Every structure is written in structure tokens, then in C-alpha cells.
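Asker: could you look at this predicted model? Sequence included:
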Amino acid sequence: QVQLVESGGGLVQPGGSLRLSCATSGFTFSSYAMSWYRQAPGKEREWVSTINTEGGHTSYADSVKGRFTISRDNAKNTVYLQMNSLKPEDTAVYYCRAIYRSSQYSYDYWGQGTQVTVSS
């Protein structure tokens, strides 16, 4: 059974930091690229960041570049999102996503999300 469980969300003041975790099971984590997405109230879900299978390549949305850092621990089957200098506009439900693509197969899994609220 595939599971992706996000944690680490909460209420934080502007300028503060949070570290999200996404613990996974039920699939070969090290073979999947991992991404974080977010969805604010009344808005579409948007991509935040992606890390490749080995962790050597990362990419970020312009809105979070320089403030957020994605990382992964393949031994723990977990991906992280370190969020610094948080702004009210970062308020959203944050989701992790696991993607595997080959010439023959494609797999795509999502977590249930964790709420991040940035407010004074």
C-alpha cells in the first residue's frame, strides 16, 4: 500500500521558518522524483519544488527561490521542504508528490497535505 504522509505544518509568524516532511512507504522511493505543491484557498494547486532521484538536482518556483530548500533522504524514504523567511502568501496546504516515468510505465502518488499558515 502506497503512503505519503506529510507533517510539520502549522502556524508561524511572517519571517519564520518551518520544515515539512513527507514520509513514504509502499514503493521504491529512490526511483521516484519527489515534488512539493501547494494550494491556497480559492486558488489552483501550484508546483513549488522538485528533487531528482539522487538528490543532485533541484528546481524551484520563482516565488520560493532562495527561501525554500528541498532535500531527500533515500535511506529514510523521506523528502523535506525547509521553508525560511515565510510570507503570508505562503499560506496554503502543502502536498508531496512522487513521480516515476519510464518508456513503459508511469506512476504518480500524492500525499494528503499539511496546512501551513503564515500570520501575525
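Answerer: Thanks, I have the structure now. Note that this is a predicted model, so its numbers are computed, not measured.
Asker: quick one: which helix or strand includes the most centrally placed residue in the chain?
Answerer: In the chain, the centroid-proximal residue (C-alpha atoms, centre = their mean) is residue 36; its distance is 2.6 Å. Element membership of residue 36, judged by DSSP states H and E, is strand 33-39.
Asker: returning to that earlier point: partners of the residue nearest to the centre of the chain in the sheet?
Answerer: residue 49, residue 96 (DSSP bridges).
Asker: from the centre of the chain, point out the most distant residue.
Answerer: Distance from the centre of the chain peaks at residue 104, with 26.1 Å (C-alpha atoms, centre = their mean).
Asker: just the strands in the chain please.
Answerer: Using DSSP state E, the strands of the chain run over residues 3-7, 10-12, 18-25, 33-39, 46-51, 58-60, 68-73, 78-83, 92-101, 106-110, 114-118.
Asker: and the third one, what does it pack onto?
Answerer: So the one you mean is strand 18-25. Packing partners of strand 18-25 (3 or more C-beta pairs under 8 Å, 6 or more residues apart in numbering; DSSP states H and E): strand 3-7, strand 33-39, strand 78-83, strand 92-101, strand 114-118. Quick note: C-beta positions are derived from backbone N, CA and C, even for glycine.
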